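> Kindly generate the corresponding structure for this input.
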Amino acid sequence: MLLVIDAGNTNTVIGVFEGKTLKADWRVRTERDITIDELGIMMRNLFLSQELDFSGVKDIIISSVVPPMQSTLEGFARKYFKTEALLVGPGIKTGMPIFYDNPKEVGADRIVNAVAAYEKYHSALIIVDFGTATTFDYISPQGEYMGGAIAPGLIISSEALFQKASKLPRVEIFARPKTVVAKDTISSMTVGLVFGYVGLVDGLVRRMQDEVKTRPKVIATGGLAPLIASESETIDEVTPELTLDGLRIIYERNRQGRGSD
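Below is the predicted model of the structure:
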C-alpha cells in the first residue's frame, strides 16, 4: 500500500492507496509541534478505524507547505516503515512543465492538484483550492502549469473580522445563509462571508478566462469547496480527492527503484 500525506497550514489530508484504489482517507488538524511518536500513534489509530494493516504500507509520498512538519513526517516514515518518503519539491518528476518565474515558489499542493486534474480531464483547466488560502491555478490545453492567483481563505477572512472588529463575534461557516438581507449580526456576517466569497471566486475565474481567451473547465477542491460551488456560477465540478490522486500519480511517475504498492 501507498500512504500519501498532504500537510497544509490548517488541515493535513491523508490517504491510503492499493494500486489506484483509494482504500481510506482522513482530514485531520495540522499540528506543527507534533512529535514522530504522536504522529505514529495517530496513524495507527486511523488505520485501525478502517481495519487496515498499518504494516502493509510499503512507501510514502508527502507534500507539505508547513516547513516545521517536514522533518517530522520524514522521521515518521523512517521509524515506522523503514523507508525514505518521497517529497514533492524541486527535482521530482511531475510530468508537467511549470511556467512560473521561479518554479520553486509554487506550493507543492498547487502542483499536485494540477497534475491530478490534467491527468483526469486532459483539457484546459482552472483549479480552485479552498484551503487556508484559496488558490486559483490555470492549466493550459497542453498540460502546462501557467500560474494563477492567491486570495485569503474563507476562514482567514472570518477570523480577521472577529479579531479586528471588536463588537463582531466569531462565526462558524457550515451552510448557505437563508437570506441575503439578514436580521441579526451573525447571519449578516455569514451572508457577507459566503456570498461575498462566491463573488470573489466567480470574479477571479471570469477574469482568468478573459485573459487566457478560453473557457477552461473549472474544478474545485478543499474543505469548503462544496459550499461555495453550490452558489458559484463558474465552478463546474467539485473533486474532493484531487490532492490525494495527484500524490499517487506523482509517486507512480517516480517509483522506479522505490517500494511497490
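> Wasn't P90 part of a strand?
No: counting by DSSP: H, G, I helix; E, B strand; the rest coil, P90 is located in no strand; its state is coil.
> ok, and the closest non-adjacent residue to T132?
Counting by C-beta to C-beta, 6 or more residues apart in numbering, N9 is the residue found nearest to T132 once chain neighbours are left out, at 3.9 Å. For glycine as for every other residue, the C-beta is placed from the backbone atoms N, C-alpha and C.
> wait, doesn't the one you found sit right on V65?
Yes: the criterion here is C-beta atoms under 8 Å, and N9 meets it with V65 at 6.3 Å.
> related to what we said a few turns ago, need the contact list for the residue nearest to T132.
Residues near N9 by C-beta atoms under 8 Å, 6 or more residues apart in numbering: T30, V65, V66, G131, T132, A133.
> what domains does the record give for the protein?
2-87, 109-244 (automatic domain parsing).
> Would you work out how far apart the start and end of the last one are?
If I follow you right, that is domain 109-244. The straight-line separation of the ends of domain 109-244 (C-alpha to C-alpha, to the nearest Å) is 10 Å.
> just how off-centre is it within its chain?
12 Å (C-alpha atoms, centre = their mean, to the nearest Å).
> Confirm T12 sits in a strand?
Yes: assessed by three-state DSSP, T12 belongs to a strand.
> which residue sits farthest out from the middle of this structure?
K183 (34.8 Å; C-alpha atoms, centre = their mean).
> could you say which helix or strand contains that one?
K183 is part of no helix or strand, with elements assigned from DSSP states H and E.
> do T179 as well
Here T179 is assigned to no helix or strand, by DSSP H and E.
> Does it touch V194 like I think?
No: with contact defined as C-beta under 8 Å, T179 and V194 do not form a contacting pair (11.7 Å).
> who's more crowded, these two?
Per other C-beta atoms under 10 Å, whichever of T179 and V194 has more neighbours is V194, with 22 against 8.
> what sits against that one?
L154, I173, R176, P177, L227, I228, E231.
> Weed out the non-buried ones from the residues you listed.
Among those, those buried by neighbour count (16 or more other C-beta atoms under 10 Å) are L154, I173, P177, L227, I228, E231.
> that older thread, looking at pLDDT only, which of the contacts of V194 scores worst?
Note: of the contacts of V194, the lowest pLDDT belongs to I173, at 83.
> ok, that residue - contacts?
L154, I155, S158, T190, L193, V194, L224, L227.
> Now the last one, what are its backbone angles?
Listed backbone geometry of L227 is phi -60, psi -50, with angles given as degrees, to the nearest 10.
> Remind me what the lowest-mean-pLDDT helix or strand in the chain packs against, helices and strands.
One helix or strand of the chain scores below all others by mean pLDDT, DSSP states H and E: helix 154-164, with a mean of 90. With contacts taken as 3 or more C-beta pairs under 8 Å, 6 or more residues apart in numbering; DSSP states H and E, helix 154-164 sits against helix 185-212.
> for the following helix or strand past the helix it packs on, what is the average pLDDT?
Next helix or strand after helix 185-212 toward the C-terminus (DSSP H and E): strand 217-222. Mean pLDDT, strand 217-222: 96.
> partner strands of strand 217-222, parallel or antiparallel?
strand 125-130 (parallel), strand 237-238 (parallel) (DSSP bridges).
> Strand 217-222 and the helix or strand following the last one, what's the angle between them?
Right, the one you point to is strand 237-238. The C-terminal neighbour of strand 237-238 among helices and strands, as given by DSSP H and E, is helix 242-253. Between helix 242-253 and strand 217-222, the angle comes out at 100 degrees (axes from the mean of the first three to the mean of the last three C-alpha atoms, to 10 degrees).
> give me the number of residues near E38?
For E38, the neighbour count with other C-beta under 10 Å is 13.
> hang on, I meant D59
21.
> OK, contacts around the residue farthest from the centre of the chain?
K183 neighbours (C-beta under 8 Å, 6+ apart): none.
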